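# prediction below, plus the sequence it came from.
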Amino acid sequence: MENPELPAENRENKSHKETENPDLASLFEEKKASFETEKQETTESGNPEIRNKEIYVGIPILAIAFAEMLIYSGRIKEAVWVHMVLLMGLSLSIPLMKNEEIRKTCQALMLLPLLRLVNLSMPVFFDITLYSFVFIYAPLAVPVAITAVYQRLTLEEVGITLRRIWLYFPFSVLIGAGLGVGEYMVIRTGYLIPDLSPLNLLKLTVVMVFFVGLVEEVIFRSVLQTRLNKIFGAWGGILLSSMLFGVMHSGYGTSYEVLYTSFVGVIIGYMFYKTRSLPLITMAHGFVNVFLFGVIPHLGPGLGLL
């Protein structure tokens, strides 16, 4: 029934417009149905289905692993070239990728060859090796922060929170001590500080927590694991990011170190997945290195208690 309040001329114009665009209503209904279908698929699976995700994400992961295996075998120059080509290839291909999650995941993967190239190319400014970590990780903090902002990661996804910090601090020290002893048994590192004086311990802690631990955990957990979780699910993301974390330790030249740090990556990755606390995993990672490069080389695996 037509609206009796409309003049006859308006009714004719309305009828004429509907006749002119007979497909608008059906097109709108199709778009609406398509949106509802996509929404339903996303709700059921947790994420929309990503076609060929294994190829798009797997190829750069394998390339990173290949470059790190070259480092493992002592072929540093070849590894540098592979990392350079991979970095440029990802940079050029990202704008061409249609799927947003794949694009952001590849952008996260770019941080790994960048980490390795900065590590290998940084000149030595000090005789004390401890300070070289500052010159490696301080510049890396800039692209890491830009990546996190560009990907629009929320504070919760990054893990920026002080929730339960009073509990996490002593827990991270205990975790760091246990994992540090295990890693020391694998690679038997030397010390980076001449003694265990409070000042030297403070220097080592600041470098290992606020530079090495913070930057690496943002890369491997806040950014990379978060992206891989969205594509491969919780455990898929944890395992893949942990494998990459282990592979990036190939410079020590032992397969046991790669396997052990992958195991450590699983533990820290699971801690992050359950708590979503960047301070917790940063402190745990940092204290692993404090014990590995400071306390244990001076006191022994028994920490002076045995």
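Perfect, thanks for sending it. Numbering: from 1, shown residues only.

# tell me the mean pLDDT for the helix or strand residue 202 falls within?
Element membership for residue 202 (DSSP states H and E) is helix 198-207. Mean pLDDT, helix 198-207: 96.

# next one: stretch 173-187
Computed over stretch 173-187, the average pLDDT equals 96.

# what are the buried residues along that stretch?
173, 175-177, 179-181, 183-184, 186 (16 or more other CB atoms under 10 Å). (Each C-beta comes from the backbone N, C-alpha and C, glycine too.)

# before we move on, back to that, and the helix holding residue 202, what does it pack onto?
Counting contacts by 3 or more CB pairs under 8 Å, 6 or more residues apart in numbering; DSSP states H and E, helix 198-207 packs against helix 129-150, helix 278-290.

# could I get the buried residue list for it?
200, 203-205, 207.

# angle of it against helix 129-150?
Angle, helix 198-207 to helix 129-150, by axes from the mean of the first three to the mean of the last three CA atoms, to 10 degrees: 30 degrees.

# still on that earlier bit, need the buried residues of stretch 173-187 in CSV (columns: secondary structure and distance to residue 244).
As requested, the buried residues of stretch 173-187 are exported to CSV (DSSP: H, G, I helix; E, B strand; the rest coil; distance: CB to CB, whole Å):
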residue, secondary structure, distance to residue 244
173, helix, 26
175, helix, 21
176, helix, 21
177, helix, 25
179, helix, 18
180, helix, 21
181, helix, 24
183, helix, 18
184, helix, 23
186, helix, 19
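
# just the closest of those to residue 87, please.
Proximity of the buried residues of stretch 173-187 to residue 87 (CB to CB) peaks at residue 183, which lies at 28.5 Å.

# go ahead and confirm the closest one touches residue 290.
No. The criterion here is CB atoms under 8 Å, and residue 183 misses it with residue 290 at 11.9 Å.

# roughly how far apart are residue 146 and residue 132?
According to CB to CB, to the nearest Å, residue 146 and residue 132 sit 23 Å apart.

# ditto for residue 280
Separation of residue 280 from residue 132 (CB to CB) stands at 27 Å.

# can you give me the neighbour number for residue 143?
16 (other CB atoms under 10 Å).
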